[in-house]
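model this:
(2 chains)
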Amino acid sequence: MSKIFAFHGGIHPPENKKQSTRSPIRPAPVPAQLTIPIQQHIGAPAKPCVKTGDYVQKGQLIAKAQGRISVSIHASSSGTVTDISPKAVPHPSGLNAPCISIQTDGKDEWIDHQGLDDYRSVPKQTLIEYIRDHGIAGMGGAGFPTDVKLHLGDDHIVNTLIINAAECEPYITADDMLIRERAEQIVGGIEIINYLLKPTHILIGIEDNKAHAIRVLEDALRHTELNIDIIVVPTKYPSGGEKQLIRLLTGVEVPSGHIPADVGIVCQNIGTAAAINQAVNYGTPLISRIVTVTGGAVSKPQNLEVLIGTPINTLLETARINHDQLSRLVMGGPMMGYTIENDSIPIIKTSNCIIAATAEEMPPAPPAQACIRCGLCEQACPAELLPQQLYWFAKSKEFEKAKHHNLFDCIECGACSYVCPSNIPLVQYYRFAKNEIRAEEAEQRKADQARLRFEARQARLEQDKVDKETRRKERAAQAAAAQAIKKTTLETAQTNPEDQIKQLKTAAAVTRTKLKKALSALEKAKAESSDDIAQLDLQYKQAEHAAEEAQTALEAAEKGALVSAATSNAPDIKQLKTQAAVARTKLKKAQQALKMAEEKGHDGVETLRATVAELETKAANAQQAFADAEASNSSSGAASQSSAMLQEAADKALQTLQKAEAALATAIENNSPAADKMQAGVEKLKSKYTEALSALQDNAKTQQPSIQQATGQQAIERKPIDLKALKQNVSIMRTKLKKAEKLLEATDENSAEASELQQEITRLTQLHQEAKAQLDAEEAIRIKAAAAQGIDLKQLKIDAALARAAATKLQRSIKKEQESEQNNLDALQAELITAQQQADKLTHTLSQFE
Amino acid sequence: MSPILIAILVLLSLAVVFGLILGYAAVQFKVEGNPIVDQIDELLPQTQCGQCGHPGCRPYAEAIANGEAINKCPPGGQSTIDALADLLDVEAVPLDAEHGEESVKTVAYIREDECIGCTKCIQACPVDAILGAAKQMHTVIVSECTGCDLCVEPCPVDCIDMLPIETTLNNWKWTPPIPGVQLIATDSGRRLDKVLSEEETAS
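Predicted coordinates for the structure are as follows:
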């Protein structure tokens, strides 16, 4: 037998273990309701994988391990899942935590389960996974996931495996009874752990107050090939503490802040070894454990094999609780356990003892007195700390100092409180201080995280700003480049005669507007007899000069264009016509000027006369050119021209007529005295309109044959019946009809007027329908004709309208620009001209079909 | 050479040597920024709530380094003030109520069915703890929320609540033990004083 070392401090409280070892382990009854917390271990809670209403069998997985440090949870008995919600769980706080509730059906039906035939044949990793999936967590008290400890062989040299069977705390006998009755399970478990960790030697530490258990264990070890040493240690609390037991058995001290594996030692609880055996060899997950139910208030203290999730009151009933005597219910041992208020909380994987204590057994703590600095606590401390010092620091909340005095090496065994003559609840102070420090650290971590995120956000916003600025600059540069390119293209385009003309036209228009402005300013100044007339006069003259220059330049350019147009054998009649008209107007103006000059006897009459003569010749030339062009064009051109003119006249007449009618109607409504006069005017207008219409029709009739002959192909398109007139006809009919209908509604039904009106309406309706039919027929013919040429009339109409709209828009923008006198006026005007041309072209094409 | 001249020369040469060493050290071991600002910033709770009147914790740390009062941080509370007083070696003063009072730690919660997806709270959050997109429901990443309250104000539909952080098994804390009754009369000076003063008034 190897040497036994000693650890510092320790106490000898009354053992109270005999009471519960008198009867063998008995299974506790299956309760009606199982409440299984999803977190019974250290680490992440398991994730429920069943739903409310699911039927589960005994041993079925109900919550899966998630994360590195976690274990699975299994159903302890068969039944239905009734609820997954927070319930009271075994915890000193008495708080609620998520639990899976199962309504048991009493059948206790096992799910199919089977152990591994030979665990030595499977890879270690698989075997460890298998153990994890069977929900094995440390059963000593902390509940650390066992699989994590079994991995320690990977990155640590494990030379000693210690099986903890010390069970040093008073009252608890669960491990003692387990050894006495199930030693072979323990040995099986140790073999599995040995296979996984391959330690050089295995030690079982057991206190000398378990003589029976030591004997049984020695017997059991004779059947194994492993070299396992049972080391009997003297009974002293807390020899079962991990670090204390290591010290006892090996003499090695685990350094502060390290785990035993760092010094080549792994500790496992004896209950955990048995559970591993059950899982690996029989496939039984950890769904039950041995719990000591003891204390003065139970008449049959004993050890029970309890299903995980069984409420405590079921166990107390089994152990014959005497409710009158019960003063405190403690979960765990009397040294490290905690009082529970609620007896319906469930047993979990780490619950090893329930003490139903009487008032005499565990009297309420006497009031704490002042520390007398006796130093007993220091002598009792198994961790070799300075409990008194820690107490002062904790009390004055100097946590930093407490930390420096190795507060975190305190195992909260309670030995110091036990020996304190002043009854100071020292452990409570340490727990409080540890909590505060941990919370502070968590807060610090959170603050650091927040700082990082805040700084990252600031940086991002900064970057965004910079990016925006660079983008803006890039855009500006691009716009400038585009502008430059446009300018150069415009300059090159000026070599093109047509563009040049356009340019010149706009220039001329601009100078004209300037001239007008100057003139109006001058007039205004004159009217107000302002002082700066002279200056304005000068300005006006300059403007005039500029306008003339522009005009001459334009004319010259146009002439050039005309010549080129003439050579290309495509004389533009329209242009010629306008030229002729322009020449005429100029001539007229000049003539007027001449007259005026003659009347007033001015000096410049001679020159004016010369100009007039020149203009006369010019006008005659223009007229001649126009006539020639027209003559060369088909006669239909002229015909259509005249008919178009007639049409215009008719339209105008109609419009005035409508206006007059509207005015008359309002006048009559207002009982105006001028109504009679207006009536007469309207009559006159009507007659005018009819005249115009008849003239138009005559013209159309006479032209019809000639057009058909002249332009055979275009004959269909230039139908004599005017579509516009037809449309107007239809609309007039419609309005008349509506008016009559309204009138009918207004008049009395039975009166004679009503019947008259009714007749009128029927007549009008007929007329309207006739007109409409005519229009429809006409339109259909036109659309067909257009379609024959591959042109969609509707589309064409839309295009034309769009082009017109664009032109007006541009005009408007030009006006605006003129007002603000900005630089890009020229460009806009050029655009306007192209738009207008486009519009004209489209309207022209359209007019061919209308 | 006279001994005075020698002494002067030696001292002069020493001065030059040390001057060179100091000059080199000043360049080589130059500290960027004020290190005290970092230390103060370390102690502040980093909620970035702006209750102190500065746009974030670091600006307040800089202001403290320049002599501003240390009691303007309600989220940090008295413990932060104490820590700052300790660091700066000044008197610990009670929290300035003008900037708010120390309250329980809270976390923002968006009532998601009421959220209209305006992204205003996202823009307000100093630590990017709100997740969402335009016209999509937003939600708070609880673990990143500092409980600064800045998102509550801009919400046009008032669907953000500041909920106190729920106590769970993981953040539950032991309550401090009740200090014991002082049974030894001589141990509590105050009580003795009281007794004495009572005797005096009686006489």
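
what residues are up against the residue most central in space within chain B?
The C-alpha lying nearest the average C-alpha coordinate of chain B belongs to B:Leu44 (CA atoms, centre = their mean; 2.5 Å). Shown in contact with B:Leu44 (CB atoms under 8 Å, 6 or more residues apart in numbering or on different chains): A:Ala447, B:Cys57, B:Tyr60, B:Ala61, B:Cys73, B:Gly76, B:Thr80. Any C-beta I mention is one placed from the backbone N, CA and C, and that applies to glycine too.

swap the cut-off to 7 Å and go again
Taking CB atoms under 7 Å, 6 or more residues apart in numbering or on different chains as the criterion, B:Leu44 is in contact with B:Cys57, B:Tyr60, B:Ala61, B:Cys73, B:Gly76, B:Thr80.

Flag the helix or strand of chain B with the lowest per-element mean pLDDT.
Here the helix or strand of chain B ranked lowest by mean pLDDT, DSSP states H and E is helix B:189-202, holding a mean of 50.

Flag every buried residue along stretch B:21-37.
Using 16 or more other CB atoms under 10 Å in any protein chain shown as the test for burial, stretch B:21-37 gives B:Val37.

touching chain A at all, that stretch?
No. Between stretch B:21-37 and chain A, judged by CB under 7 Å from any CB of the partner chain, nothing touches; the nearest distance is 12.8 Å.

now A:Ile192: how far from chain B?
32 Å (CB to the nearest CB, to the nearest Å).

Kindly apply the preceding question to A:Thr470 instead.
22 Å.

Wasn't A:Glu305 part of a helix?
No. Under DSSP: H, G, I helix; E, B strand; the rest coil, A:Glu305 falls outside any helix and is assigned strand.

Who does it form a beta bridge with?
Beta bridges link A:Glu305 to A:Pro27, A:Ile290, judged by DSSP bridges.

How about the contacts made by it?
Shown in contact with A:Glu305 (CB under 7 Å, 6+ apart): A:Ile25, A:Pro27, A:Ala28, A:Ser288, A:Ile290.

which among these gets closest to chain B?
Nearest to chain B among the contacts of A:Glu305 is A:Ser288, at 23.5 Å by CB to the nearest CB.

Top of the contacts of B:Leu44 by number of neighbours, please.
Neighbour counts for these, by other CB atoms under 10 Å in any protein chain shown, peak at B:Cys57, which reaches 29 neighbours.

quick revisit: out of the contacts of B:Leu44, flag the one nearest to chain A.
Set against chain A, the nearest of the contacts of B:Leu44 by CB to the nearest CB is B:Cys57 (7.1 Å).

where does the nearest residue to that closest one once chain neighbours are set aside land on pLDDT?
Sequence neighbours aside, B:Leu44 is the residue nearest to B:Cys57 in space, at 4.2 Å (criterion: CB to CB, 6 or more residues apart in numbering or on different chains). We note a pLDDT of 90 for B:Leu44 in this prediction.

now swap in A:Ala297 and tell me
93.

wait, it sits on A:Asp324?
No. The pair A:Ala297 / A:Asp324 is not scored as a contact, 8.4 Å apart, by CB atoms under 7 Å.

if you count what's nearby, which of the two comes out ahead?
Neighbour count, other CB under 10 Å: between A:Ala297 and A:Asp324, A:Ala297 has more, with 24 against 8.

Which residues are in contact with that one?
Taking CB under 7 Å, 6+ apart as the criterion, A:Ala297 is in contact with A:Ile321, A:Asn322, A:Gln325, A:Leu326, A:Ala356, A:Ala357, A:Thr358.

ok, 6 Å please
When contacts are counted by CB atoms under 6 Å, 6 or more residues apart in numbering or on different chains, A:Ala297 touches A:Asn322, A:Gln325, A:Leu326, A:Ala356, A:Thr358.

likewise A:Ile190?
Contacts of A:Ile190 (CB under 6 Å, 6+ apart): A:Ala273.

in which helix or strand would I find it?
helix A:174-197 (DSSP states H and E).
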